[in-house]
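[1] Here is my input; please provide its structure:
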Amino acid sequence: NSVRDQASSSQMFLRLVAGLPPRKAMPDVLAQSARRQVWSDVEASRLRSFIAMSTIALIALTVSVAKPIAGTIVGAGVDIASLDGWKWPFEWAVLGPGMTSHLSSMAVTIGALLGEEWAKVVENPLAVVVQAPLFVVLFAISTLPTIVRHIEQKKSASDILNIDAAVKISGDDDEEYDSERCTAAVLDMGVSSAARLSLLSQQGAVEGALQRWKVMQPAKSSSSRRSSESRISDIAQGRGRAGPLFRRVAYEASVLVLLCLHVALFVVIAPSGSVGASERWNTGSRLVSLLLVAFAIARRSLSSMADEFRLTSAVDSFLKLLSTTAAEVTKSNQAPQADLQLAAQASPDKGIIVSDFWASHAQRRAWACRGAQLSCKNGEVCLVLGDDGSGKSRLLTALAETLVSPPAKSRSTVVVRGQINVGGVDVTRWDKKKLKRNLGLVLNDVRTLSDTAELFSGLTLQEILDPTNGSGGGPGSPSHNAMNIALQVTGLSSLVARLPSKLSTVVTANEDELSPSPTRPSAQILSPSEWNKVLLSRAIAQAVFGNDNPMTSPDAVQRSLIGSLLLLDDVTTHANEVEEATLIKALRATGAATLLTSNHWASGRHANKIVVMKDGAVVESGTHA
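    Numbers count the residues shown, from 1 in each chain. Next comes the predicted model:
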């Protein structure tokens with residue numbers, strides 16, 4: 001269950017940060033693979049232990065010189081242990097000569113015993129011919145798991161597409177997986193590049209969304225789990241495919257051939273020796289019994305190993321993808337050593353400057369941005385205007401992907417050339433972790449608002465807005481001050497004042513949650529405009545909390561975001577003219593450099609600068625005057 005739960009969380013992680021669609025049966029695949037790997041190792045260890053014990057027993061029983069040699073070694077050890085010099089402190093002057101004498105005597109005795117045994121072999125070589133192949137056969141059987149592992153690793157690589165297809169088909173009828181609303185919300189958020197970038201730009205947002213998803217997950221029924229495991233078991237055993245079956249038969253036949261060769265050799269050679277018929281019969285029966293037990297254990301070991309690799313290819317591809325994505329996310333969040341020269345060059349007043357910025361779509365041959373040129377100093381609002389489809393959102397998305405550095409598979413644009421300076425320093429020289437702390441990002445598309453509202457439904461406003469994801473303090477703490485500033489900037493404070501429990505009010509986007517229940521308090525439904533303000537407030541609270549500029553005001557709107565950068569895409573879509581003007585005025589007061597997209601041309605009179613876009617290119621720029 002632990003493997004299954006971790007696999008489900010990993011798929012949600014890949015969905016949120018890289019937009020990769022989950023495979024519904026993958027958690028069961030990983031659980032089955034882990035179980036089969038453990039069982040395969042147990043069977044291989046059992047085979048090696050049996051071979052080792054059988055070899056020792058056969059040496060003791062069939063090699064006449066084994067017992068005298070063992071007795072000589074034990075006797076020498078006892079004689080060395082009985083020396084008087086072992087009393088503390090050790091008397092090495094006594095121990096050295098004594099140990100040398102006993103070891104020399106032991107070596108002479110063992111040499112004499114081996115010489116006598118060699119003489120017997122020369123006198124009767126057929127006895128050795130009968131016994132030696134048995135040790136060879138046992139050794140060969142013990143190496144078969146290693147050989148099989150090497151073969152299956154090569155074969156599994158060629159079977160990966162077949163396995164992946166089977167896994168995908170086997171999970172399509174698992175309706176319970178998609179029935180959970182929270183799971184659907186997380187999956188939908190992963191589809192949107194805007195939602196992914198917003199999560200990646202906010203500290204702990206991905207972890208918070210995953211934790212929210214984990215809490216909402218019910219226990220999977222036993223019947224459903226058994227059904228899934230049965231389907232995965234069929235895949236692992238290769239039912240319906242001739243290749244895996246032929247290999248399993250070949251492995252078992254190889255063991256049987258090795259055993260039969262030795263039995264045949266014993267039957268042919270032993271009668272010509274000097275042993276009697278009764279002794280020959282007893283020896284042969286013991287030999288057959290030993291070899292049959294070895295065959296049974298080897299057969300189970302090889303079968304378990306063959307089954308293990310039926311799922312290894314799919315598991316390896318999933319783990320490799322997970323490892324690569326996690327490494328990219330970790331790299332983007334790592335804070336390198338402080339660059340004193342960079343700190344000296346950076347100026348919080350310079351804002352952002354974009355020069356000759358070209359970016360193409362990642363999924364099709366078309367330009368997303370064509371030679372964009374714009375600048376916005378701190379304390380200014382640069383309004384990006386244009387008709388629908390003019391490239392406003394794509395420009396902010398390309399800029400955000402350059403600043404946030406999401407995983408490669410998550411990118412929707414590819415930067416071809418151009419330069420972005422933040423605080424007067426090229427963005428490639430910035431510490432990404434510090435840059436994201438000073439970044440407030442809200443990107444919109446047709447899904448972002450509804451999917452995010454669905455995910456946060458059932459939480460209190462404080463849980464949604466808290467930049468520390470619940471670990472912050474009470475009134476007067478930095479996180480609480482950041483939330484208050486964000487509420488004032490967005491105008492959401494008027495809504496909070498009307499709510500019965502203020503920030504502790506549970507909000508929702510679903511009417512079916514309005515009625516209270518024993519396990520759920522009553523909720524306040526929010527309109528699309530209010531949800532839009534909630535998401536904007538969340539981004540601004542994150543930026544205020546992460547801002548470490550000493551010139552900022554920690555508890556007032558004015559100068560609360562000096563040195564910060566806000567990229568806001570269509571956040572005024574649901575606002576009227578008065579609300580939009582009030583928001584722009586508040587954004588200017590924060591001291592942040594704000595890029596705000598809108599198709600409300602009349603709003604240009606409230607902004608410091610105006611940039612007009614058409615077909616992904618900046619065609620005009622200036623002021624409203």
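[2] Just want the most central residue of this structure.
    Nearest to the mean C-alpha position of the chain, by C-alpha atoms, centre = their mean, lies residue 322 at 3.7 Å.
[3] now it, nearest residue through space, not along the chain?
    residue 10 (5.3 Å; C-beta to C-beta, 6 or more residues apart in numbering). Just so you know, the C-beta spots here come from the backbone N, C-alpha and C atoms, and that holds for glycine as well.
[4] in which helix or strand would I find the one you found?
    helix 2-18 (DSSP states H and E).
[5] for that helix, what is the average pLDDT?
    Averaged across helix 2-18, pLDDT comes to 75.
[6] burial count for residue 580?
    For residue 580, the tally of surrounding residues (other C-beta atoms under 10 Å) stands at 20.
[7] Go ahead and confirm it touches residue 600.
    Yes. Using C-beta atoms under 8 Å, residue 580 is in contact with residue 600, at 6.4 Å.
[8] List the residues that are in contact with both of those two.
    Common contact partners of residue 580 and residue 600 (C-beta atoms under 8 Å, 6 or more residues apart in numbering): residue 572.
[9] Can you give the contact residues for stretch 602-615?
    So stretch 602-615 is contacted by 370, 374-376, 380-387, 390-392, 395, 572, 577, 580-581, 584-585, 588, 596, 618-624 (C-beta under 8 Å, 6+ apart).
[10] brain fart, stretch 106-114
    65, 68, 69, 72, 73, 75, 76.
[11] any idea how far residue 78 is from the fourth one?
    Counting by C-beta to C-beta, to the nearest Å, the gap between residue 72 and residue 78 amounts to 11 Å.
[12] More neighbours: these two, which one.
    Shown here are residue 72 and residue 78; by other C-beta under 10 Å, residue 72 has more neighbours (18 against 10).
[13] What strand or helix carries the nearest residue to that one once chain neighbours are set aside?
    Nearest residue to residue 72, sequence neighbours excluded (C-beta to C-beta, 6+ apart): residue 109, at 4.8 Å. With elements taken from DSSP H and E, the one containing residue 109 is helix 92-123.
[14] Residue 3: neighbour count?
    Other residues close to residue 3 by other C-beta under 10 Å number 16.
[15] pretty sure it is touching residue 29, no?
    No. Counting by C-beta under 8 Å, residue 3 stays clear of residue 29, with 10.0 Å between them.
[16] gap between residue 39 and residue 300?
    Taking C-beta to C-beta, one finds residue 39 at 10 Å from residue 300.
[17] try residue 353
    Residue 353 is 69 Å from residue 300, by C-beta to C-beta.
[18] While we're on residue 43, how confident is the model there?
    Value for residue 43, per-residue pLDDT: 84.
[19] Quick check: pLDDT value at residue 119.
    84.
[20] backbone phi and psi for residue 524, please?
    phi -110, psi 120 (degrees, to the nearest 10).
[21] again with residue 567
    phi -110, psi 110.
[22] Any idea what it is bridged to?
    residue 441, residue 595 (DSSP bridges).
[23] correct me, but it touches residue 443?
    Yes. Here residue 567 reaches residue 443: they are 7.4 Å apart, a contact under C-beta under 8 Å.
[24] what do these two both touch?
    Joint contacts of residue 567 and residue 443 (C-beta under 8 Å, 6+ apart) are 396, 400.
[25] Quick one: low-confidence residue ranges for the stretch 451-600 of the chain.
    When residues are selected by pLDDT under 70, those of the stretch 451-600 of the chain lie in 470-473, 512-521.
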